[in-house]
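> need coordinates for the below:
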Amino acid sequence: MTDAADWIGRVGKSWAYEWERTDRSFAPLTQRLFDIADSCNFARALDIGCGAGELTLRLGQARPEARVTGVDISEDLVAVARERCNGLANVRIELADAARWSSPKGEAPDLLVSRHGVMFFDDPIGAFSHIASQAAPAARLVFSCFRAVGENGWVRELATALPSGAAPAGDPNAPGPFAFGNRDRVEGILDAAGWRDIGFEAFDYPMVGGAGDQAVEDGLSYFLRIGPAARAVAMLEGSEREQTIDRLRGVIERHHADGIVALPSAAWIVTARAPA
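So this is what the prediction gives:
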C-alpha cells in the first residue's frame, strides 16, 4: 500500500531525487501517453499527479497556445516540476490533491492526463466524480496505470531476490501502484463516477532501470530507491540485507544486455469522456 502520506513524505522525496532515472524508466509509456493526449486539440489540460512534471512539460512545449496545469501532493516533486517548467508561460504547477482541486472560473480543463498518478486515491469513485465536476463538458481523460502484479515481469523478477514474507501481498485494491490493475474494477470506478466511452489499451514496454558502462550498478541503485523491492530491502538489516542485495544484483545482471538493464512492464492506457 502506498497512500497520500507516503507521497507527501518518503516516497515523494525519493521520486523527486530520482526524477531523471524515473523518466527514463517510463520513456516508452510517456511517449504513447503524449501521442494520445496530443492527438486532438485542447485549450486547457490538467496533469493529475504530475510528479516531476515530464508530461506537463511536454504538453506545454507542444501546445504553447494551451494552458497546462500540473498538480501533485508532494512538495518535493512540485519543486522539481516547477524548476523544469520554468520559463513556459502557459504552464503552472500547483501543490494540490486532484481529488479536491478546483478549476479556476472559466478554465475548466478539456483534457485530463496522468502517468501513473491516479492509483492512490483513498476514495477513487469520489475522486473521479470530483474531477469530472471540474472538467469541461465531454473533456477527454487519458491516463496510465500498471496492470496486475502478475503481468509485470519487473515486479516478479525483483521479488525472487527478496526473503520470504518480505513483501506481503496485502489488499490488491488498496491505494498503491497496482490498485488499478483489474480492468473491470477500473471500468466500474469510472462508470460510477459518471465517465463514458471508457476504453483500455494494453501497453507493454521495457522498464529501463540501468544504463551506461555501469548499467548493473546503476540499475541496482535505482531499484534500491524506487519500487516495492526498495521498501522491502529498507526493512532488512545485517547479513540478510546484504544477501538480498546480492541476489537483486544477480537478477539485474540477467536482464543486462548491451549497456542496458531492462525488465518487462505492463500497463493500461485508459481513455474516457466526462459527462457532456
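> where does residue 80 fall, secondary structure wise?
Element membership for residue 80, per DSSP states H and E: helix 75-85.
> mind pulling up the pLDDT for residue 5?
Note for residue 5: predicted pLDDT of 69.
> residue 270 is in contact with residue 202, correct?
No: counting by CB atoms under 8 Å, residue 202 stays clear of residue 270, with 10.7 Å between them. From N, CA and C alone the C-beta is placed, and that goes for glycine too.
> picking up where we left off before, okay, the helix holding residue 80 in CSV with CA atoms only?
This file holds the C-alpha atoms of helix 75-85, laid out as CSV (Å, rounded to 0.1, in the frame of the first residue of the first chain):
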residue,chain,number,x,y,z
GLU,A,75,6.1,19.4,-2.2
ASP,A,76,9.4,17.8,-3.3
LEU,A,77,8.0,16.7,-6.7
VAL,A,78,6.2,20.0,-7.2
ALA,A,79,9.6,21.8,-6.7
VAL,A,80,11.2,19.7,-9.3
ALA,A,81,8.3,20.2,-11.8
ARG,A,82,8.3,23.9,-11.3
GLU,A,83,12.1,24.1,-12.0
ARG,A,84,11.7,22.0,-15.1
CYS,A,85,8.8,24.1,-16.4
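> give me the nearest residue to residue 96, chain neighbours excluded.
Using CB to CB, 6 or more residues apart in numbering and skipping residues adjacent in sequence, the residue nearest residue 96 is residue 71, 4.3 Å away.
> that neighbour should be in a strand, yeah?
Yes: Residue 71: assigned to a strand according to DSSP: H, G, I helix; E, B strand; the rest coil.
> the residue of the chain most remote from its centre sits in which helix or strand?
Here the chain reaches farthest from its C-alpha mean at residue 239, the gap being 33.0 Å by CA atoms, centre = their mean. In the assignment (DSSP H and E), residue 239 maps to helix 238-254.
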